[in-house]
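> Kindly return the folded structure for what I paste below:
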Amino acid sequence: MPRPYKRLISVGADCLFISIAFWGAYWSRLGNLEVLHSTVNWYVVSGTILITLLAFVKFGLYQAVLRYLTFHALLVVIVGALISMLTLTFLSFFFNIHIPRTVPIIYFAFLSLLCGGYRLIIGVLIAQSLEKGSEPVVIYGAGSSGRLLSMALRHAERYQVKAFIDHDKTLEGTVIQGIRVYKTSALESIIKRKGAHKILLAVPRITRTERKAIIDSLVHLPVEVLTVPSMNDIVSGKAKIDELRDVPIEDLLGRDSVEPQQSLLEANIKGKVVMVTGAGGSIGSELTRQIIRQGARKLILFELTEFALYKIDKELSAIAQAEAIDIEIIPLLGSVQKQNRVFAAMRSFGVQTVYHAAAYKHVPLVEYNVVEGLRNNIFGTYFTAKAAINAGVESFVLISTDKAVRPTNVMGASKRVAELGLQALASQEHSTRFCMVRFGNVLGSSGSVIPLFTKQVADGGPITVTHPDIIRYFMTIPEAAQLVIQAGALGKGGDVFVLDMGDPVKITDLAKDLIRLSGLEVKSEENPKGDIEIQFTGLRPGEKLYEELLIGDNVSETAHERIMTASESFLAHDDYTALIDQLDHACHNFDHVKIRQLLLDTPAAFAPSDGISDLVWQAKQAEQTIPDSVFSEQEKAKLVTVTNS
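As a prediction, this is how the structure comes out:
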């Protein structure tokens, strides 16, 4: 119905209720309605109706939408009824009508109940009609965030809040906004009784450790768990309280980040010219986001991939403009394998601090492309470090990996040899201070297992895990970037820093939690009617069951509680240059047997779990092992294809 028609109905209803309240007050006081025969009384009623309606219009009562009725509208009804009572008293005195003194008071009570009551009843009826197609949910957390969420969802048509759950015993049994609060132990029975299929976490202020404890108590329930945005996002306006999201994967880790030390963040950045290699990658891009907020004078983005460079340059420029950051951002295309290009960039812009994040890090891909992996990770790091020395760079920080510790794959070995290169250069006489920072997996990085699992759950499964016992360390990208910057400020020369990654996580358990938090069940032999199956595909070439951060036990604390420094063996500079020369010759000739032997001979503790997996080398070997006299050309081609597979 059009809005003007609805307002006319409300006006007509109020006219009727004013009349009923007037005559009802008389009848309640005197027990008869003889006053109906008096014409003057009708004048009083008409005048009271007119003034009352004008008061309601003035206070905006007819602008209120009944389904969104608030306390303000009821307050307007009460104020309007009070004005109506005073009008009735005045008109009765003006027309010299005898009215008992209690009649206006009774009239005020009747009018408030009638005008306010019918609006409440209609609002409730509309709300009930809307709830018929809505989904019943339970809100975990009856605090301010829970109450705000309940109010926001009340005006939506998707969800219907059936209960609050809270661990606060003082709230148990209370009713908030018409919704009962239950204790946490009653959650399972509430879900069954109310038919709820979703739990909404409205506890944005608690620590991540506390959130993990709550999530652990919910994963066994047959419900989907959603959460409200963080309080920082709500306060800053980046999100609204009712923008429900999947549980962030970092909440499953239960790892609370430590507030960074501002002095360490600024030490190598504020007022300086900073360069990030691999600036378009997962870690590199986050480093640049952190750097521009620390007062750098210039930021050089050095990146091989054109689109990645364009994307991060555009993003940083938007951040700088939005936050009024005075910084010059310089996007440079180039490869760290071209020493003259890197040197020219450093020298031209007077680079003072370098964060070297450029690397090939995907274990199987480096196994399949050995020479390119070594060229980028070993030679790229060594050339960039030498360019930094020649350009007079003050500080050089290498982003390393836990896979460099007792590596079983070429990627890990290449990163350990890159570390050895920096340690060898650090022993020479020059002004550049080298250090390297070693940490494990970061959540959401390119090639990370978490986005893959999330997509597989969304697609209905199965989830693929390489091995039932595989474990990994995890850290969020922002925390990793902050710790890298702070570790770089602690370096004295040739330091190997390792980050405290917390407790390792079993990948199978992570997959199961993701399935259950989506409101689904794990399909297995014990539960053949489940929704999503976990399939084990076997370890990939070079993959380990677990990763380490230290080669030995010789570790010391630093000024930061999450950063440790390790004392590890390294090569003398002359020995390292001899290794680089031999490795360069072997890579140039694609001599993979020689490459493998050189990596085994280095003090990198390389213990390969597989044979040589380079795809080009394997194809060449397959061709060489097929005698020409035995097979036709078509058969040989088929055998080569099978061998590659």
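
> got any ranges where the stretch 451-600 of the chain has weak pLDDT?
Scanning the stretch 451-600 of the chain for pLDDT under 70 picks out the ranges 502, 542, 544, 546-555.

> Show the contacting residues for A345.
Counting by Cβ atoms under 8 Å, 6 or more residues apart in numbering, A345 touches M275, I300, F302, L332, G334, V351. Where C-beta positions appear, they are placed from N, C-alpha and C, glycine not excepted.

> and it, what element?
Element membership for A345, per DSSP states H and E: helix 339-349.

> Check L221 too.
Using DSSP H and E, no helix or strand contains L221.

> Need phi/psi at it.
phi -80, psi 150 (degrees, to the nearest 10).

> So V498 lies in a strand, does it not?
Yes: applying DSSP: H, G, I helix; E, B strand; the rest coil, one finds V498 inside a strand.

> Renumber starting at 578 from here on
With the count now opening at 578, the last piece we talked about shows up as V1075.

> can I assume it is in contact with E1145?
No: between V1075 and E1145 there is no contact, the gap being 10.0 Å when judged by Cβ atoms under 8 Å.

> Who are the contact partners of K1089?
Taking Cβ under 8 Å, 6+ apart as the test, what K1089 contacts is V796, V1099, I1111.

> rewinding a little: now, among the contacts of A922, which is nearest to F636?
I877 (62.9 Å; Cβ to Cβ).

> list the contacts for the closest one?
By Cβ under 8 Å, 6+ apart, the contact list for I877 reads V850, V851, M852, V853, I907, L909, A922, F926, V928.

> and those as CSV, adding distance to V974?
Below are these laid out as CSV (distance: Cβ to Cβ, whole Å):
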residue, distance to V974
V850, 15
V851, 10
M852, 11
V853, 10
I907, 19
L909, 18
A922, 17
F926, 18
V928, 13
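
> re earlier: may I ask which of the contacts of K1089 has the most neighbours?
Counting neighbours by other Cβ atoms under 10 Å, I1111 comes out on top of these with 21 neighbours.

> Assign a three-state SS to it, would you?
Going by three-state DSSP: I1111 is strand.

> I966 versus that one, what's the distance?
50 Å (Cβ to Cβ, to the nearest Å).

> pLDDT below threshold where in the stretch 728-877 of the chain?
732-734, 807-820, 825-835.

> Would you map the strands across it?
With DSSP state E, counting those that start in this stretch, the ranges of strands along the stretch 728-877 of the chain come out as 736-742, 752-753, 756-759, 775-778, 801-804, 822-823, 850-854, 875-880.

> More neighbours: which of V1075 and E1145?
V1075 (23 against 17).

> check which helix or strand covers the residue nearest to G857 when sequence neighbours are not counted.
Nearest in space to G857, with sequence neighbours left out and distances taken as Cβ to Cβ, 6 or more residues apart in numbering, is A885 at 2.7 Å. Using DSSP H and E, A885 maps to helix 883-899.

> T664 too?
helix 648-671.

> hang on, the earlier thing: so what strands line up beside the following helix or strand past the helix holding A885?
For helix 883-899, the succeeding helix or strand toward the C-terminus, using DSSP H and E, is strand 905-910. Taking DSSP bridges as the criterion, strand 905-910 forms sheet pairs with strand 875-880 (parallel).

> before we move on, back to that, would CSV of the contacts of K1089 with distance to A763 be doable?
Rendered in CSV, the data for these read as follows (distance: Cβ to Cβ, whole Å):
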residue, distance to A763
V796, 18
V1099, 26
I1111, 31
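
> Pick the one among those closest to F1030.
I1111 (9.8 Å).

> Distance check, the closest residue to the closest one other than its chain neighbours against A1064.
Spatial nearest neighbour of I1111, excluding adjacent residues (Cβ to Cβ, 6+ apart): I1040 at 5.0 Å. In this view, I1040 and A1064 are 34 Å apart by Cβ to Cβ.

> More neighbours: the two, which one.
Each of I1040 and A1064 has its neighbours counted (other Cβ under 10 Å); A1064 has more, 27 against 24.

> which residues does the more buried one contact?
Counting by Cβ under 8 Å, 6+ apart, A1064 has contacts V974, C1012, V1014, F1074, L1076, T1135, H1137, I1140.

> do that again at 7 Å, thanks
C1012, V1014, F1074, I1140 (Cβ atoms under 7 Å, 6 or more residues apart in numbering).

> Tell me what angle the helix ranked longest in the chain forms with helix 648-671.
The single longest helix within the chain, with elements called by DSSP state H, is helix 679-708. Angle, helix 679-708 to helix 648-671, by axes from the mean of the first three to the mean of the last three Cα atoms, to 10 degrees: 150 degrees.

> Just list what helix 679-708 packs against, helices and strands only.
Helix 679-708 sits against helix 580-607, helix 648-671, with contacts defined as 3 or more Cβ pairs under 7 Å, 6 or more residues apart in numbering; DSSP states H and E.

> Paired strands for the very next helix or strand once past it, with orientation please.
Proceeding N to C from helix 679-708, the next assigned helix or strand is strand 712-717, under DSSP H and E. Strand 712-717 has the following sheet partners, assigned by DSSP bridges: strand 736-742 (parallel), strand 775-778 (parallel).

> and strand 712-717, how far from the chain's centre?
Computed by Cα atoms, centre = their mean, to the nearest Å, the chain-centroid distance of strand 712-717 equals 22 Å.

> Need the contact partners of it.
Counting by Cβ under 7 Å, 6+ apart, 723, 726-727, 735-742, 767-768, 771-780, 791 sit against strand 712-717.

> which residues does F741 form a beta bridge with?
I716, V758.

> burial of it, as a residue count?
Residues lying near F741 (other Cβ under 10 Å) number 27.

> which residues does it contact?
F741 neighbours (Cβ under 7 Å, 6+ apart): I716, A719, G723, I753, I756, V758, Y759.
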